[in-house]
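S.K.: no sequence for this one, just the structure:
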């Protein structure tokens, strides 16, 4: 504990981390007023219909974004995976494939190093307000994340069946479909479903910069000091995340 305190102290100083300010009387008063505005919950039929529509749009945004991310990640993974390289069978990858692989790795670094929130700000200016910006933002960032982790999963497994197929005249796609994929399908599926669950949470955050969905409505209600509407949407969002968690758990069990 002493070692942890010594390590965390300079970090706390650098980030000006002072949690005790939450307990100051003025701050407690403001917090109480804010939480008190959450009741009563907004339950008008028109508002609930709006929340239902934006909730569906949020799920659609996350699902479409992850689907496009798969379209980016899968081909880049196949090109980036060393186990699928024919020239690497002799022990050292040829110069051409080596530099192609390095270029793809840097592309994946660029995609995942820029947060989806920043991508959303860029696309809001390009395509305007709405879910399109959110879908594109999720697609690029998650494409980089999925491509990196997919490659690590494929290269950390047993490479012997894949190498055997390649040495006996099999193509890269055949080696992937019959060698790598069967051995790693469960782990690949588990991570993909987890990223879809994360995308649902990200899509709500993206709404605060104009990418549509439940987050944009939540931002509007907070700006208008409509605490009842904020509380209702927070409850819906928690239910949505819980549902996504159950769906992902069921898919992992069914495909594991």
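M.R.: That came in fine, so what should we check first? Values in this document were obtained by computation on a predicted structure and should not be read as measured data.
S.K.: How about the contacts made by residue 162?
M.R.: For residue 162, the contacting residues are 83-84, 175-176, 179-180, by Cβ atoms under 8 Å, 6 or more residues apart in numbering. The C-beta positions use only the backbone N, C-alpha and C, and glycine is treated the same way.
S.K.: With adjacent residues omitted, what lies nearest to it?
M.R.: The shortest distance from residue 162 to any non-neighbouring residue, by Cβ to Cβ, 6 or more residues apart in numbering, is to residue 179 (3.5 Å).
S.K.: among the contacts of residue 162, which are in strands?
M.R.: Using DSSP state E, the subset of the contacts of residue 162 located in strands is empty.
S.K.: Give the buried residues for the helix or strand hosting residue 142.
M.R.: Following DSSP states H and E, one finds residue 142 within helix 131-156. Using 16 or more other Cβ atoms under 10 Å as the test for burial, helix 131-156 gives 131-151, 153-154.
S.K.: Just give me how far stretch 64-78 sits from the chain centre.
M.R.: 13 Å (Cα atoms, centre = their mean, to the nearest Å).
S.K.: Now that stretch: average pLDDT?
M.R.: Across stretch 64-78, the average pLDDT comes to 92.
S.K.: Ok, stretch 177-188 next?
M.R.: Stretch 177-188 shows a mean pLDDT of 82.
S.K.: What residues sit buried inside it?
M.R.: Result for stretch 177-188 [16+ other Cβ under 10 Å]: buried residues 179-180, 183-184, 187-188.
S.K.: and if you look at stretch 247-256?
M.R.: Neighbour-count burial for stretch 247-256 flags residue 248 (criterion: 16+ other Cβ under 10 Å).
S.K.: give the contact list for residue 235.
M.R.: By Cβ under 8 Å, 6+ apart, the neighbours of residue 235 are residue 41.
S.K.: thinking again about what came up before, between the following helix or strand past the helix holding residue 142 and helix 131-156, how many degrees?
M.R.: Next in sequence after helix 131-156, counting helices and strands by DSSP H and E, comes helix 160-167. Calculated by axes from the mean of the first three to the mean of the last three Cα atoms, to 10 degrees, helix 160-167 forms an angle of 90 degrees with helix 131-156.
S.K.: From here on, call the first residue 2.
M.R.: I'll keep to 2 as the first residue from here, and by that count the last item is helix 161-168.
S.K.: buried ones in helix 161-168?
M.R.: Residues 163-164, 166-167 are the ones in helix 161-168 that count as buried (16+ other Cβ under 10 Å).
S.K.: quick check: longest helix of the protein.
M.R.: Longest helix of the chain, by residue count under DSSP state H: helix 46-81.
S.K.: which other helices and strands contact that one?
M.R.: Helix 46-81 is packed against helix 96-114, helix 132-157, helix 182-207, helix 215-224, helix 228-256, with contacts defined by 3 or more Cβ pairs under 8 Å, 6 or more residues apart in numbering; DSSP states H and E.
S.K.: so can I have a markdown table of those showing distance to residue 39?
M.R.: Formatted as a markdown table, the helices and strands packed on helix 46-81 follow (distance: least, Cβ to Cβ, whole Å):
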| stretch | distance to residue 39 |
| --- | --- |
| helix 96-114 | 36 |
| helix 132-157 | 26 |
| helix 182-207 | 18 |
| helix 215-224 | 11 |
| helix 228-256 | 4 |
